[in-house]
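J.: task: produce atomic coordinates for the following.
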Amino acid sequence: TTDPQIYHPHITPAEAEPFARTFLINSTLILVPNMMTIILDENYGYVLLAATSTCLLNTVHTLNTGHFRRAAGVEYPAAYAPPTRTDKLALRFNSAQRAHATYTENHPSMVVALLISGLRFPLTAAALGLGWTLSRWMYMSGYSRGDEAGKGRYRGIQFFLFQFALMGMAGYVSLALTMGW
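T.: Next up, the predicted model:
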């Protein structure tokens, strides 16, 4: 048998050296480069627990919104009670639904920032992640009260502080890995 690296029309053996493994699939050479090894800090488990707490909070949001949907009698597939409904139950459902929507808008970028930050700063990232989760719970419970103009959401608005801190840390960790700091 012949080493496919030697006979690949676009890659010389010297160019193929950095690649750890090669695969020949349907006469196509697939090169897999050597990967960076990441050794996780023993405290990274706390980061994963914080990330898991955000998933559990999503379930709490779903249950909360479902409760207010049933109470208001809003049938699927309507995302919100119609604007003609001005009663307290409709307002509470709309508020719970909006709280859940803002949660899902912010959740992906926050979790990515949490997981990246935790590579270098696991305990700080985990604490910020837990703070974010608790703040988002306060936001949900406050917003779901159906106060005028959604003022109840201000109870948990500090989630932005936790989120921005995690995003800043993620940027630093990403830059540090890129620059070799």
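J.: can you give me the strands in the protein?
T.: Taking DSSP state E as the criterion, the chain contains strands spanning 19-25, 28-33.
J.: which stretch in those strands has the least confidence?
T.: Per-segment confidence across those bottoms out at strand 19-25, which has a mean of 51 in mean pLDDT.
J.: now the helices for this structure?
T.: Applying DSSP state H to the chain gives helices spanning 4-7, 13-16, 44-72, 88-120, 122-143, 159-179.
J.: can I get those helices in CSV including mean neighbour count?
T.: (Each C-beta comes from the backbone N, C-alpha and C, glycine too.) Listed next are the helices of the chain as CSV, based on neighbours: other C-beta atoms under 10 Å:
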stretch, mean neighbour count
helix 4-7, 14
helix 13-16, 12
helix 44-72, 16
helix 88-120, 19
helix 122-143, 21
helix 159-179, 16
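J.: Gly152 is nearest to which of those helices?
T.: Each of the helices of the chain was scored for nearness to Gly152 using C-beta to C-beta, and the closest is helix 122-143 (3.5 Å).
J.: quick one: list the elements packing against the closest one.
T.: In terms of contact count using 3 or more C-beta pairs under 8 Å, 6 or more residues apart in numbering; DSSP states H and E, helix 122-143 is assigned the packing partners helix 44-72, helix 88-120, helix 159-179.
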